[in-house]
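Novice: Starting from these lines, generate the structure:
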Amino acid sequence: QVQLVESGGGLVQAGDSLRLSCAASGSTFSRYAMGWFRQAPGKEREFVARITRSGGSTYYGDSVKGRFTISRDNAKNTVYLQMNSLKPEDTAVYYCAASIISAYDFWGQGTQVTVSP
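Specialist: Prediction:
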């Protein structure tokens, strides 16, 4: 099993940047592909980004393409989400998740990101 703890959320203004971190423990981090998801009040959970085990490939949801960047540091057991040009519609709780094969098996508790107009 792997335990995931997100950090870095907060209140920012539209156009600002924010970097989220997700620290993993309890298992070999490089075994897992990692993803970021978000959920806004009253909305379904939305895929944000995914990164492969080695970090060689990344994938993004259409709403964040070109603005967000996912990365990982396997030596630090951490995955990051760099969020630039933030918009009010990016307001949500952001979750990181670990994937062994295709589904996401382990989830963090989430961190709140609020973007004011």
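Novice: Surely residue 61 and residue 45 touch.
Specialist: No - with contacts counted by CB atoms under 8 Å, residue 61 stays clear of residue 45, the gap being 11.2 Å. Where C-beta positions appear, they are placed from N, C-alpha and C, glycine not excepted.
Novice: residue contacts, residue 39?
Specialist: 45-46, 92-93, 95, 110 (CB atoms under 8 Å, 6 or more residues apart in numbering).
Novice: thought residue 116 was touching residue 13?
Specialist: Yes - if you go by CB under 8 Å, residue 116 and residue 13 touch, sitting 5.4 Å apart.
Novice: And the contacts of residue 39, which is closest to residue 86?
Specialist: residue 92 (11.1 Å; CB to CB).
Novice: ok, for that closest one, nearest residue in space, not its chain neighbours?
Specialist: residue 38 (3.8 Å; CB to CB, 6 or more residues apart in numbering).
Novice: of the contacts of residue 39, closest to residue 32?
Specialist: Using CB to CB, the contacts of residue 39 come closest to residue 32 at residue 95, 14.4 Å.
Novice: helix/strand/coil for the closest one?
Specialist: strand (DSSP: H, G, I helix; E, B strand; the rest coil).
Novice: Count the residues that sit near it.
Specialist: For residue 95, the neighbour count with other CB atoms under 10 Å is 22.
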